[in-house]
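Enquirer: Okay, sequence plus prediction incoming.
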Amino acid sequence: MKNIDRWFILIGLLCGIFGFAFGIWMGVGEHFELAPVHAHINLVGFASMVLFGLIYRAYPTLAESKLATAHFVIFTIGRSCSLPVFRSPRLIRPSRLPWSARLACWSASSCSWRISC
């Protein structure tokens, strides 16, 4: 996939815009039970995606591998599918995270493993 760094940064910025707007809506309407969803969108969606994009931009040889494309697809699917889980505070314990959240965590750890090797 060409320009994987740009795709990570673009999707991350879109998550950031949505997460910030969602946080404003949540604060104005006092819907604080949705705070875990807001935090998940901002931290996993915005911060992680932009960080991955910057890493791939700094290390272009990583971005050229097929694993970079798999990382993007797996992380995006895992992040998106795990959003409903954070709606319920009792499900946030790591032992109860669904396969999609575990998939996103595995994808993130695979990126850090490739940098250290």
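Expert: Looks like it arrived, so ask away. Since we're looking at a predicted model, the values are computed, not measured.
Enquirer: Tell me the first helix or strand C-terminal of the top helix by length along the chain.
Expert: Longest helix in the chain, counting residues (DSSP state H): helix 4-29. Downstream of helix 4-29, the next assigned helix or strand under DSSP states H and E is helix 35-40.
Enquirer: Going by neighbour count, which residues in that next one are buried?
Expert: Buried residues in helix 35-40, counting neighbours by 16 or more other Cβ atoms under 10 Å, are found at 36-38, 40. Where C-beta positions appear, they are placed from N, C-alpha and C, glycine not excepted.
Enquirer: Out of those, flag the one nearest to residue 2.
Expert: residue 40 (29.0 Å; Cβ to Cβ).
Enquirer: What pLDDT is listed against that closest one?
Expert: Note on residue 40: pLDDT of 82.
Enquirer: Quick check: the gap between it and residue 15.
Expert: According to Cβ to Cβ, to the nearest Å, residue 40 and residue 15 sit 10 Å apart.
Enquirer: quick one: contacts of stretch 41-54?
Expert: Applying Cβ atoms under 8 Å, 6 or more residues apart in numbering, the external contacts of stretch 41-54 come out as 4-13, 15-16, 18-20, 22-23, 71, 75, 79, 82-83, 104, 108, 111.
Enquirer: if you set the cut-off to 7 Å instead, what comes out?
Expert: Stretch 41-54 has contacts (Cβ atoms under 7 Å, 6 or more residues apart in numbering) with 5-6, 8-9, 11-13, 15-16, 18-19, 22, 79, 104, 108, 111.
Enquirer: who wins for neighbours among these?
Expert: In terms of neighbour count, residue 8 stands highest of those at 27 neighbours, by other Cβ atoms under 10 Å.
Enquirer: That one and residue 68, how far apart?
Expert: 9 Å.
Enquirer: mind checking how far residue 4 is from residue 75?
Expert: Counting by Cβ to Cβ, the gap from residue 4 to residue 75 is 11 Å.
Enquirer: more crowded one of the two?
Expert: Taking neighbours as other Cβ under 10 Å, residue 4 and residue 75 compare with residue 75 leading, 24 against 21.
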